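>>> got a sequence here, can you build the structure:
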Amino acid sequence: MTLYRYIFREIWPTFLASLFVFIFIMMAARMLSITELIVTRGVHLSQVAGMVLFLIPDILTFALPAVTLMSVVVAFLRLSADSEIIAMKSSGISLYQMLPPVIFFSLAACLACVAISTFAAPWGNRSFKDLLFKIAETKADLGIKERIFCEPFENLVFYVNSFSREERMLKDVFVVDRRDQEMTNTIVSDEAQIIPRPAERTITLLFLKGTIFMVEKNFEGSRTIKFNTYALNIGLKDVLADLASRKKAPHELSVNQLISKLKSTPNTDKEYSRIMRELLEKLSIPLAVFFMGIIGVPLGAQIRGRGRSAGVGVSLVVFALYYLFLMIIRSIASTGALSPAFAVWIPDLFLIVSVVYLLRRASHEHSIHLLPRLPFFRRKSEI
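Next comes the predicted model:
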C-alpha cells in the first residue's frame, strides 16, 4: 500500500494541472466567438459565464483521455528518470505489480467520464443552445425599435411604425431579408407577431396581409407575392452561426431520449447511424480513458528523456493518433457505411492491443520498436 500511495501521489497532481490547461486551451478557442457576442450582440457577462459553464462538460469528455494518459506517462517518466523503477525491479517488484494504483486511477477517470458523457455533457449542450435561444428572444424584443431602421439579426433589417412588447405585435412592418445568397426578400405587412418556439429553437415572425418583393442578387429576375399570412423563421444560426444550430443534435439528448429516438428512426436512415454512434460512444470513450491510463505505464517506463516535455510530447502524439483514428471511424459510422455497433469499438480494440503489446515489451525489458529512432525510448542495450 505504501508503494501504491507513492505512485498515486505522483499521478494526480499532473492530472489536475493538465486538466486545467486543457480546459483553458479549449475555452480560449471558443472565446473569440463568445467575445463577439459581448461586443456586437450586447450579451451580459452573466450569460457569458453561463456559456462557459455549459461548455465545460463537453470539453471534459474530450480532454479526459489525453489528460489521463499524460498524467500516468509523466509520473512513470519521473520514476524512470530517477532510476526508481530500476530500484523497485531490483527489489523484486515487477512492472505488473506497479499497475494497481494506475488501474484504480484509470477506472476512476473512466467512471467520471461515463457520468459526464451520460448526464453532464447532454445537459451542458442542451443548456448552451437554450441560452442562445434566450439571447435571440431578447434581441427580438430589444433590438427592434419603433420608426428606426435596425438590424437586430444579421442580414435582417427591420422598420416598424409601432411595437407592443407586451403582446409582441408589430404594426406597419417593413423587413429586408438578405440571408438567401441568391435572392433578397423585402416584406411589407400591415402587422406581424413575434412567436417564440423553444422546442424548435426558432423565433417565428407571423406577418398578416402583406406583400413580398423577391429580387435576385444579380437583378436578372424579380417577382411579387401577396399573402394573407406569411411565417419568417429566425433560427439560432442567425444569432451566431458558428456557435449554434437550429436543430437538436444527438449530443444534446439524454440516454433515454437517444434510445427513444432510436426506436422511432428507421435503421436505414443516416440519422439512425448518428444516434446509435452517439449512444454507444457514451461507453466506448470512457473505456478509451481507462486504456489510455494503462498505456501510460509502459510508455513512461521506456522514455529516456528527463524533462516533463518528453512525456507531454509523447502523450500528445499518442492522443492525436487516437483522436484522428476516432474521427475517421466516427465519420464512416455516421454515413452508415460501417455499422456503428461495430465501428465505435474499433479505437478501443486498437488500444487493448496496444496495452498488451506495450506491457509485454516493457515487462521483459524490451524496447518499443514502434518508434525505434526517437530519443524518447530506451533500447534494451542501454537499460
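>>> tell me which element Val21 is part of?
helix 2-41 (DSSP states H and E).
>>> repeat that for Ser260.
Using DSSP H and E, Ser260 maps to helix 255-264.
>>> in that helix, which residues are buried?
Under the neighbour-count criterion of 16 or more other Cβ atoms under 10 Å, helix 255-264 has 257-258, 261-262 buried. Just so you know, the C-beta spots here come from the backbone N, C-alpha and C atoms, and that holds for glycine as well.
>>> which among those gets closest to Phe342?
Leu262 (16.2 Å; Cβ to Cβ).
>>> for the closest one, which non-adjacent residue is closest in space?
Ile275 (5.1 Å; Cβ to Cβ, 6 or more residues apart in numbering).
>>> surely the one you found touches Lys261?
Yes. Ile275 is within contact range of Lys261, at 5.6 Å (criterion: Cβ atoms under 8 Å).
>>> any residues in contact with both of these two?
Common contact partners of Ile275 and Lys261 (Cβ atoms under 8 Å, 6 or more residues apart in numbering): 250, 253.
>>> mind listing the helices for the protein?
2-41, 45-81, 84-90, 99-115, 121-143, 255-264, 270-302, 308-335, 340-343, 346-363 (DSSP state H).
>>> chain center to the last one: distance?
Read it as helix 346-363. Distance of helix 346-363 from its chain centroid, counting by Cα atoms, centre = their mean, to the nearest Å, is 27 Å.
>>> please report how far Arg30 lies from Ile56.
Arg30 is 11 Å from Ile56, where distance means Cβ to Cβ, to the nearest Å.
>>> do the same with Pro298
Distance from Pro298 to Ile56, by Cβ to Cβ: 32 Å.
>>> touching, Leu64 and Ala112? I think so.
Yes. Contact status for Leu64 versus Ala112: in contact at 7.1 Å, counting by Cβ under 8 Å.
>>> ok, the residue nearest to Leu262 - contacts?
Counting by Cβ under 8 Å, 6+ apart, Ile275 touches 250, 253, 258, 261-262, 265.
>>> cool, and Glu151?
Counting by Cβ under 8 Å, 6+ apart, Glu151 has contacts 143, 157-158.
>>> now those: which count as buried?
For those, buried by 16+ other Cβ under 10 Å: 143, 158.
>>> okay if I get the contacts of Glu151 as TSV plus pLDDT and distance to Leu79?
Putting those into TSV (pLDDT from 0 to 100; distance: Cβ to Cβ, whole Å) gives the following:
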residue	pLDDT	distance to Leu79
Gly143	74	60
Val157	92	65
Phe158	93	66
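>>> check which residues of the helix holding Val21 are buried.
7, 10-11, 14-15, 18-19, 22-23, 26, 34, 37, 41.
>>> can you list the low-confidence ranges for the chain?
Along the chain, the parts satisfying pLDDT under 70 run over 36-37, 39-42, 139, 141-142, 236-249, 304-308, 367-383.
>>> residue nearest the centroid of it?
Centroid check for the chain by Cα atoms, centre = their mean gives Asp58 as the closest residue, at 4.8 Å.
>>> quick check, it in contact with Trp123.
No. In this structure Asp58 lies outside contact range of Trp123 using Cβ under 8 Å: 10.2 Å.
>>> Tyr96: neighbour count?
Neighbourhood size, Tyr96 [other Cβ atoms under 10 Å]: 11.
>>> identify the bridge partners of Val157.
Val176 (DSSP bridges).
>>> ok, it to Lys226 distance?
In terms of Cβ to Cβ, Val157 sits 21 Å off from Lys226.
>>> then Pro152?
Counting by Cβ to Cβ - Pro152 and Lys226 are separated by 26 Å.
>>> ok, those two, which is more surrounded?
Pro152 (20 against 9).
>>> am I right that that one is in contact with Ala140?
Yes. Counting by Cβ under 8 Å, Ala140 is a contact partner of Pro152 at 6.3 Å.
>>> nearest to Val318 among the contacts of Glu151?
Closest approach to Val318 among the contacts of Glu151 (Cβ to Cβ): Gly143, at 48.5 Å.
>>> Ser106 versus that closest one, what's the distance?
50 Å.
>>> kindly report the same for Ala115.
Distance, Ala115 to Ser106, by Cβ to Cβ: 15 Å.
>>> which of these two has more neighbours?
Neighbour comparison, Ala115 and Ser106: the larger count goes to Ser106, with 25 against 13 (by other Cβ under 10 Å).
>>> which ones are touching that one?
68, 72, 289-294.
>>> how about Phe15?
67-68, 70-71, 105, 109.
>>> quick one on the thing from earlier: now distance to Ala343 too, for the contacts of Glu151, in TSV please.
Shown next, in TSV, are the contacts of Glu151 (distance: Cβ to Cβ, whole Å):
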residue	distance to Ala343
Gly143	45
Val157	47
Phe158	47
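>>> any idea which of the contacts of Glu151 is closest to Ser94?
Nearest member of these to Ser94, counting by Cβ to Cβ, is Gly143, at 68.0 Å.
>>> check contacts around that closest one.
Gly143 makes contact with 150-153, 158, according to Cβ under 8 Å, 6+ apart.
>>> which one of those is nearest Asp172?
Phe158 (11.5 Å).
>>> that closest one reaches Arg147, doesn't it?
No. Using Cβ under 8 Å, Phe158 makes no contact with Arg147, being 11.0 Å away.
>>> which residues are common contacts for the two?
Here Phe158 and Arg147 share no contacting residue, scored by Cβ under 8 Å, 6+ apart.
>>> which ones are touching Leu351?
Shown in contact with Leu351 (Cβ under 8 Å, 6+ apart): 287-288, 291-292, 295, 322.
>>> out of these, who has the most neighbours?
Most neighbours among the contacts of Leu351, by other Cβ under 10 Å: Met292, with 29 neighbours.
>>> can you report how many residues neighbour the residue nearest to that one when sequence neighbours are not counted?
Excluding the flanking residues, the one nearest Met292 by Cβ to Cβ, 6+ apart is Leu69, at 4.0 Å. Here the count is done by other Cβ under 10 Å, and Leu69 has 30 residues near it.
>>> again with Asp180
12.
>>> that concludes my questions; thank you for your assistance.
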